[in-house]
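Visitor: what's the 3D shape of this:
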Amino acid sequence: MHAKSVIPRAALAGGAGGLVAFGFARIFAEPLIQQAIDYEDRRGEAQDALAAAAGQPAAEAGPDIFSRTVQGTVGIGAGMVLAGVALGLLFAVVYTVLQGRVTARPRVLALLVAGAGLLTFYATPFVKYPANPPAVGHEETIGDRSGLFLVMIVGSVVFLVVAVIVGRKLSARLGGWNAALVGGLVYVVLAGVLMAVLPSLGELAANVATYGPAATETPQPLRDAAGRIVFPGFDADLLYSFRVYSFTAQLLMWGVLGLVFGALAERASGRADGESVEAGEAPETIGA
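Guide: Below is the predicted model of the structure:
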């Protein structure tokens with residue numbers, strides 16, 4: 001397919017993936033987000049009570065620009081669909097570059113590109129910095145957290161390219177399967193080294209200065225001056241469920257992107273072959 005025909009199909013497939021992911025997140029993740037916000041509000045009230053008991057002013061809460069209803073429907077929906085379209089456009093670039101260089105049917109190549117996108121843009125960074133609901137994470141570290149996640153994405157992309165190059169160079173000597181295993185091992189080792197070098201969120205300077213050393217930013221039990229727990233820490237089951245649903249939503253987005261684009265590409269490829277036959281030309285053979 002020509003690049004001009006790849007782009008709109010990929011954008012459409014990405015939008016479809018974002019819509020499916022939104023439907024899943026709206027049903028499963030949104031209630032957990034509301035629970036996390038409720039926890040944050042109740043914890044804030046407990047902190048204000050402790051501050052008042054100590055003769056300190058209560059923290060001022062900033063105004064909500066959008067209501068929770070808007071955030072949980074139009075906001076998350078528009079955000080996920082637009083994110084899907086953007087990923088579809090990026091998908092189109094990679095697919096166009098690999099088209100003709102990889103011997104595979106369009107639907108197979110589409111799934112390979114989508115799988116690589118999920119691996120590098122979400123799955124690998126997720127292992128080091130998993131998704132968190134509201135109340136988990138401090139405002140002072142938003143910039144640092146975004147930067148670290150971006151470093152993981154860039155590193156994952158570079159490591160995948162290195163792994164593919166290593167696999168291709170060793171394929172003649174080791175065979176395709178063994179070379180692929182070696183390339184996969186290279187990716188895992190490089191990603192593991194980067195994860196070991198990068199700090200955990202609890203080790204960020206802003207967190208250490210304000211909350212002391214910790215492994216994560218997950219809120220711990222709130223204690224009074226005597227050390228008694230006056231409010232519990234964040235619910236571990238809620239945090240686990242949110243992360244599972246967040247990963248599943250991304251899996252759906254990338255999966256639908258690959259499947260829908262693959263179907264559209266197969267149809268376009270079959271139509272092009274038919275036109276070649278009508279013109280008296282031999283159709284191009286596409287490897288399985």
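
Visitor: so the closest residue to Y129 other than its chain neighbours is in which element?
Guide: Across the structure, with CB to CB, 6 or more residues apart in numbering as the measure, the residue nearest Y129 apart from its sequence neighbours is F149 (5.2 Å). Backbone N, C-alpha and C define where each C-beta goes, glycine included. F149 is part of helix 142-174, with elements assigned from DSSP states H and E.

Visitor: What is the following helix or strand past that helix packed up against?
Guide: Sequence-wise, the next helix or strand downstream of helix 142-174 (DSSP H and E) is helix 176-197. For helix 176-197, the contact count by 3 or more CB pairs under 8 Å, 6 or more residues apart in numbering; DSSP states H and E identifies helix 124-128, helix 142-174 as packing neighbours.

Visitor: Run the chain-centre distance for helix 176-197.
Guide: Relative to the mean C-alpha coordinate of its chain, helix 176-197 is positioned 20 Å out (CA atoms, centre = their mean, to the nearest Å).

Visitor: At which residues are the helices of the stretch 1-150 of the chain located?
Guide: Taking DSSP state H, counting those that start in this stretch as the test, the helices found in the stretch 1-150 of the chain are 3-24, 30-53, 68-70, 76-98, 106-118, 124-128, 142-174.

Visitor: Would you format these as CSV with mean pLDDT included?
Guide: Rendered in CSV, the data for those read as follows (pLDDT from 0 to 100):
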stretch, mean pLDDT
helix 3-24, 94
helix 30-53, 91
helix 68-70, 67
helix 76-98, 95
helix 106-118, 96
helix 124-128, 97
helix 142-174, 95
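
Visitor: closest one to G258 among these?
Guide: With CB to CB as the measure, helix 106-118 is the member of the helices of the stretch 1-150 of the chain nearest G258 (2.9 Å).

Visitor: Tell me which of the helices of the stretch 1-150 of the chain sits nearest to L201.
Guide: Judged by CB to CB, the one of the helices of the stretch 1-150 of the chain that comes nearest to L201 is helix 142-174, at 6.4 Å.

Visitor: So which elements touch that closest one?
Guide: The elements that helix 142-174 packs onto, with contact taken as 3+ CB pairs under 8 Å, 6+ apart, are helix 124-128, helix 176-197.
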